[in-house]
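Visitor: This is a predicted model, with the sequence first.
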Amino acid sequence: MSRELGVTAATLSEWRERFLSRAAAAQKRSGRDRRAEQVGQLRRKLGEILLDNELLRTKIEHLERGLPLPLRRSKW
């Protein structure tokens, strides 16, 4: 193969090692980016759940006290 490309076998080996090294580094970065995105999605979902939980607690408190329920607000 090196003859076909007109380079030495050592140069071809160097290119291969450089490629493999950079490919591994890119894969690690990509994995971190996906994890960061997943963490962001989970944090948003947790925030929604905490808000829903707080609203439910408020409704339960109103029902237990015999108070009218607060008006529902649109999420938008």
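Guide: Looks like it came in fine.

Visitor: going forward, measure contacts and count neighbours with C-alpha atoms only.
Guide: OK.

Visitor: pLDDT weak spots in this structure?
Guide: For the chain, applying pLDDT under 70 flags the ranges 1-2, 72-76.

Visitor: Show me where it has its helices.
Guide: 2-5, 9-65 (DSSP state H).

Visitor: Ranking those helices by mean neighbour count, which comes first?
Guide: helix 9-65 (a mean of 12; mean count of other Cα atoms under 10 Å).

Visitor: related to what we said a few turns ago, now render the helices of the chain as CSV, adding distance to Leu71.
Guide: Formatted as CSV, those follow (distance: least, Cα to Cα, whole Å):
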stretch, distance to Leu71
helix 2-5, 75
helix 9-65, 10
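
Visitor: With just CA atoms, put stretch 34-43 into CSV.
Guide: Taking Å, rounded to 0.1, in the frame of the first residue of the first chain, the C-alpha atoms of stretch 34-43 are listed here in CSV:
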residue,chain,number,x,y,z
ARG,A,34,-24.1,13.2,24.8
ARG,A,35,-23.9,12.8,28.5
ALA,A,36,-24.1,16.5,29.0
GLU,A,37,-27.2,16.6,26.8
GLN,A,38,-28.7,13.8,28.8
VAL,A,39,-27.9,15.5,32.1
GLY,A,40,-29.6,18.7,30.8
GLN,A,41,-32.7,16.7,29.7
LEU,A,42,-32.9,15.0,33.1
ARG,A,43,-32.5,18.3,35.0
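
Visitor: Dihedrals phi and psi, Leu69?
Guide: phi -70, psi 140 (degrees, to the nearest 10).

Visitor: now Pro68
Guide: phi -70, psi 150.

Visitor: Could you find the closest non-adjacent residue to it?
Guide: Computed as Cα to Cα, 6 or more residues apart in numbering, the closest residue to Pro68 that is not its neighbour in sequence is His62, at 6.5 Å.

Visitor: Now do the one you found against Asp52, distance only.
Guide: Separation of His62 from Asp52 (Cα to Cα, to the nearest Å) stands at 15 Å.

Visitor: for Leu67, same thing?
Guide: 19 Å.
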